[in-house]
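>>> Dropping the sequence and predicted coords here.
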Amino acid sequence: MKLSNNFLTIVLAIGYLFLSTPAAYAINDYTAAYKNQRGSVIRLNFHPGSKANEGTLDGTVTLSDGNNAAYRVSGFYNDNVMAVTINFSQSKQVTAMIGHFMDNKTKIETLSLDALQTKNLSTTDWNSTTIRTSSYTKL
């Protein structure tokens, strides 16, 4: 009988510890898709962390250029701000994008810094780095 009382005490203690951790109250992962003014679609998978309104992002972006390639997206969000990187492997380009979620995450306003692979940045490839803005609307 003593063994079963100890066992029950251990089970209850583990259960209490599990239920009292922040991860036990975390929101489940969810996905949202957004389309920008040029027709590109970004699909973001939200992976909430242990603190409210922050976590990691991953997903894909498909450009409106007709090739239907899905490029990998990876980053973070914290309340209504986000930062992601995108590897456009076919065009040898990477993008760092920051943005704000607007109107209860139905819109994203972004600023992107794009860098193309270059051999000579200071002379012939001076235009290999560009800055752009985009407005995304939830699909």
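The structure has been received and is ready for your questions.

>>> secondary structure element for the spatially most central residue of the chain?
Nearest to the geometric centre of the chain sits residue 57, at 2.2 Å (C-alpha atoms, centre = their mean). Assigned by DSSP states H and E, residue 57 belongs to strand 54-62.

>>> buried sites along that strand?
55, 57, 58, 59, 60, 61, 62 (16 or more other C-beta atoms under 10 Å). Every C-beta, even on glycine, is put in place using the N, C-alpha and C of the backbone.

>>> Spell out which strands sit alongside it in the sheet and which way each one runs.
With DSSP bridges as the test, strand 54-62 is paired with strand 41-48 (antiparallel), strand 70-78 (antiparallel).

>>> Throw the ones you listed into a markdown table and include mean neighbour count and distance to residue 104, thanks.
Putting these into a markdown table (neighbours: other C-beta atoms under 10 Å; distance: least, C-beta to C-beta, whole Å) gives the following:
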| stretch | mean neighbour count | distance to residue 104 |
| --- | --- | --- |
| strand 41-48 | 18 | 14 |
| strand 70-78 | 16 | 14 |
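
>>> now the ones you listed in CSV, with mean pLDDT and distance to residue 109?
Below are these laid out as CSV (pLDDT from 0 to 100; distance: least, C-beta to C-beta, whole Å):
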stretch, mean pLDDT, distance to residue 109
strand 41-48, 96, 13
strand 70-78, 95, 14
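
>>> Please identify which of these is closest to residue 28.
Set against residue 28 and scored by C-beta to C-beta, the strands paired with strand 54-62 come closest in strand 41-48, at 7.7 Å.

>>> Tabulate the CA atom coordinates of that closest one in CSV.
Output in CSV follows, covering the C-alpha atoms of strand 41-48 (Å, rounded to 0.1, in the frame of the first residue of the first chain):
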residue,chain,number,x,y,z
VAL,A,41,1.4,34.8,-52.0
ILE,A,42,3.1,34.2,-48.7
ARG,A,43,1.9,31.4,-46.5
LEU,A,44,3.0,31.7,-42.8
ASN,A,45,2.8,29.0,-40.2
PHE,A,46,2.7,30.6,-36.8
HIS,A,47,4.3,28.6,-34.0
PRO,A,48,3.5,30.4,-30.7
